[in-house]
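Q: The sequence isn't on hand, but the structure is:
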Ligand code: ASP
């Protein structure tokens, strides 16, 4: 029998309505468990653990990521797989962060949650939870190895790579998409795994890296953006790297202020990473004149990274004492299947 550890962090799945305010707030894990008696009928040895204080995932911090990684590492040898119940709002950030922190995985870490609390009649939480557990327990009969050996997100019949997906809907059950990398599995009558899409590590053992930089910033371009308001952001003493969300294939207005800020920042050792605002496709410097400047001054193309993966990857890379050249090398290399190589 496979052994799976269920880690409850909070999120809508376990929330109940506050009788006074009518607001949804996080509740006890026992509440989730009580609403899914089917769990006892799965032929899986299921154990659970909860964060001391379950949270709405908007409250998630790097400290929570460390706690989560620590729980997984401490239990790594004992369990065949892990299911993390997490609010959907920041799930793609946490799944991306965990994919960078825990490299060399041979076991699945499946994130799931729901759009409706588990106690509501039309909840999507039951199916998400039960199937996520089945995926975490799935193994190859010949080798006994886990089928999924990476951090993934299961939501509404699809399994996505954790560092490739984004939350795209605030109210549809199909809340996630992974436009630049296809689903790893689709759950219908059977769960169909797309085996050639699954990540396989080249590392021989699990490695854990739990330090993050909190000096990474994000700017999203919009027409009329007053770049002078961002001057303090491009200060190398405060900010190690800036992710800039640009238009289309990586284009920006030819603003003298922006160009001066970026040139000075990079010459002082800052890193600027260009991600596209589009939900699919990738950055290609020099495709238009409006991105030629970026190429000239050494802005780095994030290729087809999601913003969630770009930010967490930089937080992770700058959390280690790497040289700027090493950061630049790793940021443009796929570490755990997060981008096209
Ligand atoms: N606000 C909730 C959260 O992210 C939404 C959800 O769980 O889907 O915790």
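A: Sure thing, it's come through. Quick caveat, the model's predicted, so the values are computed rather than measured.
Q: For the rest of this, base every contact and every neighbour count on C-alpha atoms.
A: OK.
Q: Any residue of the lengthiest strand in the chain touching the ligand?
A: Criterion DSSP state E: the longest strand present in the chain is strand 44-55. No - judged by Cα under 6 Å from any ligand atom, strand 44-55 and the ligand are separated, with a smallest distance of 6.6 Å.
Q: Just name whatever secondary elements that strand is in contact with.
A: Where contact means 3 or more Cα pairs under 8 Å, 6 or more residues apart in numbering; DSSP states H and E, strand 44-55 is packed against strand 2-10.
Q: hmm, try it at 10 Å
A: strand 2-10, strand 24-26, helix 29-35, helix 62-75, strand 81-85, helix 125-137 (3 or more Cα pairs under 10 Å, 6 or more residues apart in numbering; DSSP states H and E).
Q: Can you pull out the residues in contact with the second one?
A: Right, the one you point to is strand 24-26. Strand 24-26 is contacted by residues 9-18, 53-57, 87, 117 when judged by Cα atoms under 10 Å, 6 or more residues apart in numbering.
Q: what does this structure have sitting close to the ligand?
A: When proximity is defined as Cα under 6 Å from any ligand atom, the chain approaches the ligand at 11-12, 56-58, 87-90, 114-115.
Q: And those residues, which of them are buried?
A: Among those, those classed as buried by 16 or more other Cα atoms under 10 Å are 11-12, 56-57, 87-90, 114-115.
Q: Make JSON lines out of the helices and strands packed on strand 44-55 and add mean neighbour count and distance to residue 166.
A: Below are the helices and strands packed on strand 44-55 laid out as JSON lines (neighbours: other Cα atoms under 10 Å; distance: least, Cα to Cα, whole Å):
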{"stretch": "strand 2-10", "mean neighbour count": "22", "distance to residue 166": "19"}
{"stretch": "strand 24-26", "mean neighbour count": "18", "distance to residue 166": "22"}
{"stretch": "helix 29-35", "mean neighbour count": "16", "distance to residue 166": "25"}
{"stretch": "helix 62-75", "mean neighbour count": "16", "distance to residue 166": "18"}
{"stretch": "strand 81-85", "mean neighbour count": "28", "distance to residue 166": "16"}
{"stretch": "helix 125-137", "mean neighbour count": "23", "distance to residue 166": "17"}
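Q: Point me to the residue of the stretch 101-250 of the chain nearest the ligand.
A: Per Cα to the nearest ligand atom, residue 115 is where the stretch 101-250 of the chain lies closest to the ligand, at 4.7 Å.
Q: which among the residues of the chain next to the ligand gets closest to residue 67?
A: Distances from residue 67 to the residues of the chain next to the ligand, taken as Cα to Cα, are shortest for residue 57 (14.2 Å).
Q: That closest one against residue 91, yeah?
A: Yes - under the criterion of Cα atoms under 10 Å, residue 57 makes contact with residue 91 at 7.4 Å.
Q: OK, contacts around residue 192?
A: Neighbours of residue 192 in contact, by Cα under 10 Å, 6+ apart: 158-159, 184-186.
Q: Who are the contact partners of the nearest residue to residue 26 once chain neighbours are set aside?
A: Of all residues not flanking residue 26 in the chain, residue 15 sits nearest, at 4.4 Å (Cα to Cα, 6 or more residues apart in numbering). By Cα under 10 Å, 6+ apart, residue 15 lies in contact with 23-29, 31-32, 54-56, 87, 116-119.
Q: repeat that for 7 Å
A: Residue 15 is in contact with 24-27, 117, counting by Cα atoms under 7 Å, 6 or more residues apart in numbering.
Q: What confidence value was assigned to it?
A: Predicted confidence (pLDDT) for residue 15: 89.
Q: so how far is the ligand from the closest residue to residue 211 other than its chain neighbours?
A: Here the nearest residue to residue 211 in space, its sequence neighbours aside, is residue 319; by Cα to Cα, 6+ apart that works out to 4.8 Å. Remark: distance between residue 319 and the ligand (Cα to the nearest ligand atom, to the nearest Å) = 25 Å.
Q: Now residue 129: closest residue in space, sequence neighbours ignored.
A: Per Cα to Cα, 6+ apart, closest to residue 129 is residue 112, 6.6 Å.
Q: Next: residue 3.
A: Among residues not flanking residue 3 along the chain, residue 45 sits closest, at 4.6 Å (Cα to Cα, 6+ apart).
Q: Per-residue pLDDT of residue 29, please?
A: Looking at residue 29, its pLDDT stands at 81.
Q: Now residue 148: phi and psi?
A: Backbone torsions of residue 148, given as degrees, to the nearest 10, read phi -100, psi 130.
Q: got the contact list for it?
A: For residue 148, the contact set (Cα under 7 Å, 6+ apart) comprises 107-108, 198.
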